[in-house]
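Trainee: Provided below are the primary sequence and the corresponding predicted coordinates.
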Amino acid sequence: MRLECEVRVAGRGLPSAGLRGPGRPARALLSLGRAGGGGGPCLLVSTARQRPGTRFQLRENIEQLFTKFVEEGKATLRLKEPAVDVCLSKANASQLKTFLSAVKLAHRGTDEATFPLSTLVPPRASEVEKPKTRMTIMSKRDYPLTRNFPYSLEQLQASYCKLARIDMRMLGLKSLRKLDLSHNCIKKLPETIGDLVFLQELNLQDNHLESFGTTLCNSTLQKSLQSLDLSQNKIRALPVEFCQLQELIHLKLDDNLLVQLPFRIGKLSQLRFLSAARNKVPFLPSDFAKLSLDNLDLFGNPFEQPKALIPDIQLKIPLTLLEYSARATLNYRIPYGCHILPSHLCADLDMSKTCQCGRACLRCFIQTTMMMNLHSVAHTVVLVDNMGGTEAPILCYFCSLTCYSQFLDRHAQSIR
């Protein structure tokens, strides 16, 4: 029986003798078996520097097992002779539990017929080498078809491999933090990408994607994903749920077919770098004004001229009961959810608009556009056109005729 983990062997007599303790944990392979010549059960700790390993007798030789953090892949074996603590970490939790159960049986001296153990032999060099954490594949010829990806990978790049879909073997790499699948032919993203709980960077540049699923937006990516590159694809719109990826810092949407940016983009409070150049966005969502960016690039979008005096009036007087109720719920910040309200009403509340006065409106509003200087939301702004402009039209909503009239007065004064 074997277990891969990090090991630190600490002598309990060292501090009292004035000697230095052990160094940092080393990657090791633990083997449980019998010593040659019919010896009792032993624990063999082998590392890359010391492949033959160090043997420790186990029969009636364990003073105590510390397993409080076994779910985190940590445990400590305190031996009687020699007086050392074998500290284990970064082990697979389920494999560690099985290994510790076998160690207990070896300590009790269980009969060999019921607890058979093979003779200990030193591991091969490849078995104790430091696990591979990075892998780069830059051509279809080099793509592994007959062998698996190393389970320990934290960074994986597979570009220019003509992949039509994401390899399901990649989705089993639970330690993955960076996944680069740029310059392929991927058309659809599997929902199970959301199972990569440590994924921080996802690069899907230059593929054939047409959407980014709501399931991914509701997955564990909400808490992990910090950088997302969807540039050079065929995406027309992003779902409202996209703005639940609230840990995003870098977002690239260049060279798509976007006709609008996410409605609730202001919820991306951590976002610092946004690039959505060369799309088909005519105006920015009202939530855009809530962003606080370091760098912004919206070059090459067909921004429309604002029409402050030609509003889209969706106002009904008197307001409907639904509108009154929705405004009260939002303005007084009354908690709501699918356990309280029907799901379609929750969806409507999530899509509410905010008036210039700060109050909410649902379906009854006046909509218009006005120019916004992009320097008000970003420190560095790439020019939006070849004329040197840094302004773009942004949607504005008004909850009443009074608010709209006040806006027109301010607009008239600014023109003067």
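Mentor: Sure thing, it's come through. Numbers count the residues shown, from 1 in each chain.

Trainee: what's the nearest residue to Pro190 if we skip its chain neighbours?
Mentor: Among residues not flanking Pro190 along the chain, Ile166 sits closest, at 5.7 Å (Cβ to Cβ, 6 or more residues apart in numbering). To be clear about C-beta, it is placed using only N, CA and C from the backbone, and glycine gets the same treatment.

Trainee: what sits against Leu100?
Mentor: Shown in contact with Leu100 (Cβ atoms under 8 Å, 6 or more residues apart in numbering): Leu65, Thr67, Val70, Ala75.

Trainee: go with 7 Å
Mentor: For Leu100, the contact set (Cβ atoms under 7 Å, 6 or more residues apart in numbering) comprises Leu65, Thr67, Ala75.

Trainee: and the chain, what are its domains?
Mentor: The record's domain parsing of the chain by automatic domain parsing lists 1-11+59-113, 134-281, 312-415.

Trainee: so which of these is the most surrounded?
Mentor: Among the domains of the chain, ranked by average contacts under mean count of other Cβ atoms under 10 Å, first place goes to domain 134-281 (a mean of 18).

Trainee: that domain: how far from the chain's middle?
Mentor: A distance of 10 Å separates the C-alpha centroid of domain 134-281 from that of its chain, computed with Cα atoms, centre = their mean, to the nearest Å.

Trainee: now the terminal residues of it, how far apart.
Mentor: Terminal residues of domain 134-281 are spaced 38 Å apart (Cα to Cα, to the nearest Å).

Trainee: tell me which stretches of the stretch 151-300 of the chain form helices.
Mentor: 214-217, 221-224 (DSSP state H, counting those that start in this stretch).

Trainee: looking at the ones you listed, which is closest to Asp385?
Mentor: helix 214-217 (31.6 Å; Cβ to Cβ).

Trainee: list the helices and strands that closest one packs on?
Mentor: With contacts defined as 3 or more Cβ pairs under 7 Å, 6 or more residues apart in numbering; DSSP states H and E, helix 214-217 has no helix or strand neighbours.

Trainee: show residues contacting it.
Mentor: Under Cβ under 7 Å, 6+ apart, the answer for helix 214-217 is Leu189, Glu191, Ile193, Gly194, Pro239, Glu241, Phe242, Gln244, Leu245.

Trainee: mean pLDDT and distance to Cys87 added to the helices of the stretch 151-300 of the chain, as a markdown table?
Mentor: Putting the helices of the stretch 151-300 of the chain into a markdown table (pLDDT from 0 to 100; distance: least, Cβ to Cβ, whole Å) gives the following:
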| stretch | mean pLDDT | distance to Cys87 |
| --- | --- | --- |
| helix 214-217 | 94 | 38 |
| helix 221-224 | 96 | 28 |
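
Trainee: as TSV, those helices with distance to Pro150 would be great.
Mentor: Shown next, in TSV, are these (distance: least, Cβ to Cβ, whole Å):
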stretch	distance to Pro150
helix 214-217	25
helix 221-224	21
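
Trainee: and Asn279, which of the ones you listed is closest to it?
Mentor: Nearest to Asn279, of all these, is helix 214-217, at 19.6 Å by Cβ to Cβ.

Trainee: just to check, Ala93 is in contact with Lys74?
Mentor: No. The criterion here is Cβ atoms under 7 Å, and Ala93 misses it with Lys74 at 9.2 Å.

Trainee: how far away is Cys368 from Tyr151?
Mentor: No, residue 368 isn't Cys; it's Thr. 56 Å (Cβ to Cβ, to the nearest Å).

Trainee: in contact with Gln232, which residues?
Mentor: Here Gln232 is in contact with Gln205, Asp206, Asp254, Asp255 (Cβ under 7 Å, 6+ apart).

Trainee: phi, psi of the residue nearest to Ser152 when sequence neighbours are not counted?
Mentor: Leaving aside its chain neighbours, Ser152 sits nearest to Pro131 (3.5 Å; criterion: Cβ to Cβ, 6+ apart). Dihedral pair for Pro131: phi -60, psi 140, per degrees, to the nearest 10.

Trainee: ok, now Asn233?
Mentor: Taking degrees, to the nearest 10 as the convention, Asn233 sits at phi -130, psi -160.

Trainee: and it, how far from Val121?
Mentor: Taking Cβ to Cβ, one finds Asn233 at 52 Å from Val121.

Trainee: which residue ranges form the strands in the stretch 51-200 of the chain?
Mentor: 54-57, 62-66, 75-79, 84-89, 134-137, 155-158, 178-180 (DSSP state E, counting those that start in this stretch).

Trainee: tell me what the first one is packed against?
Mentor: It stands for strand 54-57. strand 41-47.
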